[in-house]
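Engineer: With the input below, show me the fold.
(chains A, B, C and D)
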Protein chains: 2
Amino acid sequence: MTSTSPEQAPPAVGQTEPSRAKRLRKTPEERRGEIIEAAVRLIGERGYNGVSVQDVADAVGISKQGVLRHVGSKDGMMSMLYREVYNASATPDDFLRSGLPGSTPDDLRYPAYLRFLVRHNATRRMMVQLFTMLEAESFNPGHPLYDEFRNRRDGIWLTHSQYPWRIPPQIGGWKHMRPTVRKAMEVMDGIQIRWLRDPPIDLVEEWAEFEPLLFPSPIWDDYR
Amino acid sequence: MTSTSPEQAPPAVGQTEPSRAKRLRKTPEERRGEIIEAAVRLIGERGYNGVSVQDVADAVGISKQGVLRHVGSKDGMMSMLYREVYNASATPDDFLRSGLPGSTPDDLRYPAYLRFLVRHNATRRMMVQLFTMLEAESFNPGHPLYDEFRNRRDGIWLTHSQYPWRIPPQIGGWKHMRPTVRKAMEVMDGIQIRWLRDPPIDLVEEWAEFEPLLFPSPIWDDYR
DNA sequence: ATCACTAATTACCAAACGGTAACTAACTAC
DNA sequence: GTAGTTAGTTACCGTTTGGTAATTAGTGAT
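Structural biologist: Modelled structure (predicted):
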């Protein structure tokens, strides 16, 4: 069927979108948004290699080449996606703007920020699933996001280091927090994996169980 | 080059194995072992969708159809792999046979077993990477191992429940250990992810930092 | 020696992959 | 109106995908 009769091509064999609208032209920003949204869902579900450009195109409702026009190539789509995901994650700056307890510049508390982060992640399951999937996939040096994920941990530490966290004097300064920060990130990865698998646990609740282990009483009691 | 001149086919374009041995016939067991070993490595690196049957065949040094003969289909290869990985994981039975402190039937200690498990995982990085990759990929209900991973947590709990662990009386019986077991699994997943990303941490050391958090003094001091 | 068995092979197949090239048509500015 | 820009399209291309069918050759039993 492929090599024979190159003309005709009528009812579209395995096409998900049988009847396409006339030809809807949208602004590049809008289309890019649609593409990213679809890609987050699909790649979160099936991973980088489990999703084709055609899949994304079908989900958006345009042709494959329509997608490629906006993302350049499949790898281009991935870095676009990573930037989007990365920028969309709840930063300390977002926390400062949140108005939550322990989020004021003169009383900025790290455990409070981590709670904020977990609570935020709990509201964007698809994003977390995408992230988890990419983190596992990008162990392979050939993965388009290998370097990004490789540099991520140090990047997080550096970013967090720029904020005036109020921590207990017994700690001896922010620089001694690195093992705790590392452990916190590991725990978050772990509970997210558990949360993504159904039947799911309550992500916020699970973090609440871990918090006193990572920030024990009485040292941290006045600094959460 | 491909469609023209079907004869000749001399130097093999992108072939990993340019010159194939005459035709080496091995026992099914041996071949299956080779296939599994190659599949663990490749799928651990690139994931289910990132590895083709041809890739596995090249790594083993036989033809694609040679592989399919042993595994039936690609999905068949996956379930074979899972069974292999699952059976190869360090069970409480393995611990009982280890002769390590806290591994005798009349003094069987859960923290000691978890240390044993972590130490064992630290010696089989590729296996852990495969496992992590599959755990993330199999969030998708369409993944061939979706059900296996879905049932895994309960299965682990049930398995562990069959052993006469000696735990502190304050706990109030093994059934109250479930939250702790759950947290331990989450931490293991988290530190493994960190361990697999280079520059790696020391897996055993990292677990040693978590152990007193999950099994705090003085309650557990005599039960590790 | 020759037989049955079967591991492994070559030869295909339709479909899907990422990507290029050329064309169409929807919008804006004049 | 008319021209320029560009979002989106169809039409391909070469390669790879998982899988089937038929064939070849290594091995142990007789």
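Engineer: Helix or strand: which one has A:Ile43?
Structural biologist: A:Ile43 is part of helix A:28-46 when elements are defined by DSSP states H and E.
Engineer: go on, A:Asp189?
Structural biologist: Here A:Asp189, judged by DSSP H and E, is contained in helix A:178-196.
Engineer: Does the lowest-mean-pLDDT helix or strand in chain A reach chain B?
Structural biologist: Lowest by mean pLDDT, DSSP states H and E among the helices and strands of chain A is helix A:74-88, with a mean of 86. No: applying CB under 8 Å from any CB of the partner chain, one finds helix A:74-88 separated from chain B by no less than 13.0 Å. Every C-beta, even on glycine, is put in place using the N, C-alpha and C of the backbone.
Engineer: Repeat that for stretch A:134-142.
Structural biologist: Yes: using CB under 8 Å from any CB, stretch A:134-142 reaches chain B at A:135-137, A:139-140, A:142.
Engineer: I'd like to know which elements the helix holding A:Asp189 is packed against.
Structural biologist: With contacts taken as 3 or more CB pairs under 8 Å, 6 or more residues apart in numbering or on different chains; DSSP states H and E, helix A:178-196 sits against helix A:110-122, helix A:125-137, helix A:146-161, helix A:203-214, helix B:178-196, helix B:203-214.
Engineer: buried ones in the helix holding A:Ile43?
Structural biologist: A:31, A:34-36, A:38-46 (16 or more other CB atoms under 10 Å in any protein chain shown).
Engineer: How about chain A: which residue is closest to DNA strand C?
Structural biologist: Of all residues in chain A, A:Ser52 sits closest to DNA strand C, at 3.1 Å by CB to the nearest atom of the strand.
Engineer: Which pLDDT does the model give that residue?
Structural biologist: The model reports A:Ser52 with a pLDDT of 95.
Engineer: cool, and the one 4 residues further on?
Structural biologist: Looking at A:Val56, its pLDDT reads 96.
Engineer: Which positions in chain A make contact with chain B?
Structural biologist: Applying CB under 8 Å from any CB, we find that chain A lies next to chain B at A:44-50, A:129, A:132-133, A:135-137, A:139-140, A:142, A:149-150, A:153, A:179, A:182-183, A:185-191, A:193-194, A:196-198, A:201, A:206, A:209-210, A:213-214.
Engineer: rewinding a little: and for the least confident helix or strand of chain A, what's in contact with it?
Structural biologist: With contacts defined as CB atoms under 8 Å, 6 or more residues apart in numbering or on different chains, helix A:74-88 is touched by A:32, A:35-36, A:39-40, A:43, A:48, A:53, A:56, A:67, A:71, A:124, A:127, A:130-131, A:134, A:144-145, A:148.
Engineer: tell me the contacts of the closest residue to chain B within chain A?
Structural biologist: Closest contact between chain A and chain B, by CB to the nearest CB, is at A:Gly190 (3.1 Å). By CB under 8 Å, 6+ apart, the contact set of A:Gly190 is B:185-191, B:193.
Engineer: and of the residues you listed, the nearest to B:Ile167?
Structural biologist: Ranked by distance to B:Ile167 (CB to CB), those are led by B:Met185 at 17.0 Å.
Engineer: sorry, back to before: leaving out sequence neighbours, find the closest residue to the residue of chain A closest to chain B.
Structural biologist: Among residues not flanking A:Gly190 along the chain, B:Gly190 sits closest, at 3.1 Å (CB to CB, 6 or more residues apart in numbering or on different chains).
Engineer: Likewise for A:Lys183?
Structural biologist: In space, A:Lys183 is closest to A:Leu214, 5.9 Å off (CB to CB, 6+ apart).
Engineer: Wait, that neighbour touches A:Ala184, no?
Structural biologist: Yes: counting by CB atoms under 8 Å, A:Leu214 does reach A:Ala184; the two are 5.7 Å apart.
Engineer: of these two, who's got more company?
Structural biologist: Shown here are A:Leu214 and A:Ala184; by other CB atoms under 10 Å in any protein chain shown, A:Ala184 has more neighbours (22 against 18).
Engineer: ok, that one - contacts?
Structural biologist: Neighbouring residues of A:Ala184 by CB under 8 Å, 6+ apart: A:114, A:214.
Engineer: again, 10 Å this time
Structural biologist: A:110-111, A:114, A:117-118, A:177, A:207, A:210-211, A:214-215, B:190 (CB atoms under 10 Å, 6 or more residues apart in numbering or on different chains).
Engineer: Adding pLDDT, write those out as JSON lines.
Structural biologist: Formatted as JSON lines, those follow (pLDDT from 0 to 100):
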{"residue": "A:Tyr110", "pLDDT": "98"}
{"residue": "A:Pro111", "pLDDT": "98"}
{"residue": "A:Leu114", "pLDDT": "98"}
{"residue": "A:Leu117", "pLDDT": "97"}
{"residue": "A:Val118", "pLDDT": "98"}
{"residue": "A:Met177", "pLDDT": "98"}
{"residue": "A:Trp207", "pLDDT": "98"}
{"residue": "A:Phe210", "pLDDT": "98"}
{"residue": "A:Glu211", "pLDDT": "98"}
{"residue": "A:Leu214", "pLDDT": "98"}
{"residue": "A:Phe215", "pLDDT": "98"}
{"residue": "B:Gly190", "pLDDT": "98"}
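Engineer: Relative to B:Gly47, how far out is A:Ile43?
Structural biologist: Counting by CB to CB, to the nearest Å, the gap from A:Ile43 to B:Gly47 is 12 Å.
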